[in-house]
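Participant: Coordinates for the following, if possible.
(one chain, ligands or ions: 2)
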Amino acid sequence: MTLLAEDVWFRYGRRGPWVVRGASLTVAPGEVVGLHGPSGAGKSTLGRVLAGLVRPQRGRVEVDGAPPRPDRRAGRPNPVQVVHQHAHLAMDPLWKVGAVLAEAGAGAGAVDPALVPPELLDRFPHEISGGEAQRVNLARALLAGPRFVVADEISASLDAITQAGVWRLLLAEVRARGIGVLAISHDGPLLEAVADRVLDFADLAASPDRVVTG
Ligand code: ADP
Ligand code: ADP
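Facilitator: Numbering: from 1, shown residues only. Ligands and ions are numbered 1, 2, ... in the order given. Below you'll find the model as predicted:
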């Protein structure tokens, strides 16, 4: 019942440098694991590999023993959902928030009003703030019924108070549902505040699952 990467190697193209070099990690259900490292280190790339969005050249990625991918025949979305830093860019400018969430499968009451207040539903993306847009993106990811969420710098462009609010809401939702989170950030203190344990990207290959803090 875990999200697992084992000895994962990834590079863009056949001749590019290895961006991910033998990374191994696990995230258990309901666990919030921080992934810390400088910009450009390869954290987002590893997040995309963990969600099955790109395939590693070597190594293994599994969710509950199977590769992470949507099961279209069964109508099941990917069990690993990614939420990015650029919340507004992830939204179609022509779709109101309510339509976005309905498309993602929201029935009445399926979205926690603390996460997306009802008054946002009738607004277009350009009519909401960055923090509100990020909450809509989190709600959309949660509506897919994921087992795991890769939260990739989700609060990097938000001010401190908005950042704290987004994390408080996300943590409440994932704790309530037993969803595991990989929280990717260059911000060490943020990860120490939100995660159960924090992994240093640079250490992943050398020593799988090494605990840095927490
Ligand atoms: P981080 O998330 O730690 O900032 P990234 O995974 O985004 O790091 O990027 C790691 C490296 O891979 C960087 O050198 C980046 O330029 C490169 N990279 C990321 N995405 C692509 C891509 N689609 N094609 C080629 N190179 C990429
Ligand atoms: P992040 O660090 O959150 O991945 P970026 O702005 O670095 O955000 O990347 C945004 C998009 O650009 C990603 O889809 C990534 O794959 C792509 N990208 C990043 N670096 C490169 C690169 N060197 N060459 C091609 N695409 C890249």
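Participant: And stretch 83-90, how far out from the chain middle?
Facilitator: With CA atoms, centre = their mean, to the nearest Å as the basis, stretch 83-90 stands 11 Å off its chain's centre.
Participant: That one close to ligand 1?
Facilitator: No. Counting by CB under 6 Å from any ligand atom, ligand 1 has no neighbours in stretch 83-90; the shortest distance is 9.4 Å. (C-beta placed from N, C-alpha, C; glycine too.)
Participant: got the buried residues for that stretch?
Facilitator: Neighbour counts over stretch 83-90 (16 or more other CB atoms under 10 Å) mark 83-88, 90 as buried.
Participant: likewise stretch 170-180?
Facilitator: If you call a residue buried by 16+ other CB under 10 Å, then stretch 170-180 has these buried ones: 170, 173-174, 179-180.
Participant: Sort out for me which of the residues you listed are in strands.
Facilitator: residue 180 (DSSP state E).
Participant: Check the spacing between the closest residue to ligand 2 within the chain and residue 52 real quick.
Facilitator: In the chain, no residue comes nearer to ligand 2 than residue 44, which is 3.3 Å away by CB to the nearest ligand atom. Using CB to CB, to the nearest Å, residue 44 is found at 14 Å from residue 52.
Participant: and the gap between the closest residue to residue 191 other than its chain neighbours and ligand 1?
Facilitator: Nearest residue to residue 191, sequence neighbours excluded (CB to CB, 6 or more residues apart in numbering): residue 34, at 3.3 Å. Per CB to the nearest ligand atom, to the nearest Å, residue 34 is found 13 Å from ligand 1.
Participant: go on, residue 12?
Facilitator: 3 Å.
Participant: Can you tell me how far the residue nearest to residue 134 when sequence neighbours are not counted is from residue 117?
Facilitator: Distances taken as CB to CB, 6+ apart place residue 87 nearest to residue 134, at 4.1 Å, with adjacent residues excluded. Remark: distance between residue 87 and residue 117 (CB to CB) = 16 Å.
Participant: And for residue 169?
Facilitator: With the distance defined as CB to CB, residue 169 ends up 11 Å from residue 117.
Participant: List the contacts of residue 82.
Facilitator: Contacts for residue 82 (CB atoms under 8 Å, 6 or more residues apart in numbering) come out as 47-48, 51, 53, 141, 149-150, 152.
Participant: doesn't it fall inside a helix?
Facilitator: No. Residue 82 is assigned strand when assessed by DSSP: H, G, I helix; E, B strand; the rest coil, not a helix.
Participant: Need the residue closest to the centroid of this structure.
Facilitator: In the chain, the residue lying closest to the centroid (CA atoms, centre = their mean) is residue 150, at 2.0 Å.
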